[in-house]
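**Student:** this one's sequence-less:
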């Protein structure tokens, strides 16, 4: 296998960032909750437990997703608001991937509201 390739396609040094970010349904649900929250927009620092509660991802899954998003530079980790609590995360809105991901989830929500009846193929 040649270095820097997966199949016939070229892979950049270090791999594609979205391959490291969008690794499964849990990550997509976690991102959706971080982007949209309950109000349709990000509504403040979130702990993994809070995201898990609203997204349907297990707390362990949310922790893993949020740590991965933090390592990718999409989330900033904040210290706990109390000594016995978990750290919180906020989006890094200046990251080049954040605005398109946020737009994608907003468009998804808008599309689901407009759609009526079964999905046509």
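**Tutor:** Arrived safely. Being a predicted model, the structure only gives us computed values, none of them experimental. Numbering: from 1, shown residues only.

**Student:** low-confidence ranges in this structure?
**Tutor:** The model of the chain has pLDDT under 70 over residues 1-7, 38-43, 115-121.

**Student:** Report all helices and strands that the longest helix belonging to it contacts.
**Tutor:** Longest helix in the chain by number of residues (criterion: DSSP state H): helix 98-114. If contacts are counted by 3 or more C-beta pairs under 8 Å, 6 or more residues apart in numbering; DSSP states H and E, helix 98-114 sits against helix 25-36. Using the backbone N, CA and C atoms, a C-beta is placed for each residue, glycine as well.

**Student:** Could you check the helix it packs on and say which residues are buried?
**Tutor:** Across helix 25-36, burial judged by 16 or more other C-beta atoms under 10 Å covers 26-36.

**Student:** ditto for stretch 65-73
**Tutor:** Neighbour counts over stretch 65-73 (16+ other C-beta under 10 Å) mark 65-66, 68-69 as buried.

**Student:** got it, and stretch 82-93?
**Tutor:** 87-89, 91-92.

**Student:** Could you do stretch 105-114 as well?
**Tutor:** residue 105.

**Student:** how far does that stretch sit from the chain's center?
**Tutor:** Here stretch 105-114 is found 17 Å from its chain centre; the criterion is C-alpha atoms, centre = their mean, to the nearest Å.
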